[in-house]
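Undergrad: fold the following and give me the result.
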Amino acid sequence: MDRVSILGVEVDNVSLKEAVNKVGELVAAGSPSLIVTANPEIIWLARNDNSFAQCLEAAQMVTADGIGIIIAAKILGKPLKQRVTGIDLTTAIFTETEKKPYKFYFLGGKPGIAQKASEKISARFPGVQVVGIHHGYFDDDTMILNDIREKKPDILLAALGMGRQEKWIREKAMAAGVPVSIGVGGSFDVFSGEVKRAPVWMQKTGLEWLHRLINQPSRFTRMLQLPKFLMAVIMSRLTGKQT
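TA: Predicted structure coming up:
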């Protein structure tokens with residue numbers, strides 16, 4: 001797959017369909033793998049957190065989750081095929097279960113949220129097999145890892161928050177032998193119905209960030225990183241340096 005380097009992070013130039021096919025290939029291969037759906041905050045964090053940057057370097061696929069990544073690629077003169085968000089990718093994978101009976105493990109979110117998400121997803125996609133569920137509020141992960149090893153999921157969805165989920169996957173889940181692990185951020189909140197996703201027209205026009213900001217004003221400080229991110233991308237285009 002072609003990749004576009006954005007501030008030192010290699011982002012795969014894939015469509016949603018190609019990303020889903022890649023997941024299928026990784027599950028079939030069986031070797032532990034990490035998939036990251038990257039937004040500008042993730043790339044910005046990688047600039048200041050070396051261990052997190054190493055997670056991105058080790059990932060088998062990094063998709064463009066966030067309109068800021070799409071804009072950045074255009075600024076660099078290397079446009080990406082499509083925005084592939086974590087929630088769109090996982091939804092597309094659930095659709096595939098009609099043909100491929102993947103087994104899932106849901107990890108993360110507040111107590112009860114992953115369970116509720118599982119129930120709604122199973123009702124919507126009868127082929128989905130959720131073999132294990134655990135919330136994201138834990139200090140000792142020994143029991144969770146033992147459960148994962150016993151249940152042998154094909155795909156682990158980890159909703160532990162940006163940075164933490166990718167590090168946990170790389171340090172723990174991959175060692176537990178999960179073929180595909182994906183950091184999905186707040187996706188369980190949406191799947192469970194606790195949080196409403198932006199209307200489709202806002203998703204298509206790249207305004208999903210505005211919907212989130214309106215409904216979660218606490219995100220304002222995080223949003224301030226976007227102008228810094230884009231300015232750094234512009235400078236990288238002008239200077240030819242990715243740092």
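Undergrad: quick one: secondary structure of the residue positioned nearest the centre of the chain?
TA: Residue closest to the mean C-alpha point of the chain, counted by Cα atoms, centre = their mean, is residue 37 at 3.5 Å. Secondary structure state of residue 37, per DSSP: H, G, I helix; E, B strand; the rest coil, is strand.
Undergrad: wait, it touches residue 184, no?
TA: Yes. With contacts counted by Cβ atoms under 8 Å, residue 37 reaches residue 184, the gap being 7.5 Å. Where C-beta positions appear, they are placed from N, C-alpha and C, glycine not excepted.
Undergrad: list the residues that contact both of the two?
TA: Common neighbours of residue 37 and residue 184, using Cβ atoms under 8 Å, 6 or more residues apart in numbering, are residue 86.
Undergrad: before we move on, back to that, please give me every residue in contact with the residue nearest to the centre of the chain.
TA: Applying Cβ under 8 Å, 6+ apart to residue 37 gives the contacts 62, 63, 65, 84, 85, 86, 89, 182, 183, 184, 185.
Undergrad: who's in contact with the third one?
TA: Remark: with contacts taken as Cβ under 8 Å, 6+ apart, residue 65 is in contact with 37, 38, 39, 42, 83, 84, 85, 86.
Undergrad: now render those as TSV, adding pLDDT and distance to residue 73.
TA: Putting the contacts of residue 65 into TSV (pLDDT from 0 to 100; distance: Cβ to Cβ, whole Å) gives the following:
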residue	pLDDT	distance to residue 73
37	95	15
38	94	11
39	92	13
42	93	15
83	93	10
84	95	12
85	92	15
86	92	18
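Undergrad: turn those residues into CSV, including distance to residue 132.
TA: Listed next are the contacts of residue 65 as CSV, based on distance: Cβ to Cβ, whole Å:
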residue, distance to residue 132
37, 22
38, 26
39, 27
42, 26
83, 30
84, 25
85, 24
86, 19
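Undergrad: show me which of these is closest to residue 123.
TA: residue 86 (20.9 Å; Cβ to Cβ).
Undergrad: which residues does the nearest residue in space to that closest one that is not next to it in sequence form beta bridges with?
TA: Leaving aside its sequence neighbours, residue 86 sits nearest to residue 37 (Cβ to Cβ, 6 or more residues apart in numbering; 3.9 Å). Beta-bridge pairing for residue 37 (DSSP bridges): residue 63.
Undergrad: tell me the one of the contacts of residue 37 nearest residue 169?
TA: Nearest member of those to residue 169, counting by Cβ to Cβ, is residue 183, at 6.5 Å.
Undergrad: what's the separation between the closest one and residue 142?
TA: Residue 183 sits 21 Å away from residue 142, going by Cβ to Cβ, to the nearest Å.
Undergrad: same question for stretch 22-33: list its buried residues.
TA: Within stretch 22-33, the residues scored as buried using 16 or more other Cβ atoms under 10 Å are 22, 23, 24, 26, 27, 32, 33.
Undergrad: what do you get for stretch 61-74?
TA: Result for stretch 61-74 [16+ other Cβ under 10 Å]: buried residues 61-73.
Undergrad: measure that stretch end to end?
TA: End-to-end distance of stretch 61-74 (Cα to Cα, to the nearest Å): 20 Å.
Undergrad: just the mean pLDDT for that stretch, thanks.
TA: Averaging pLDDT along stretch 61-74 yields 93.
Undergrad: repeat for stretch 124-140
TA: Regarding stretch 124-140, the rounded mean pLDDT is 94.
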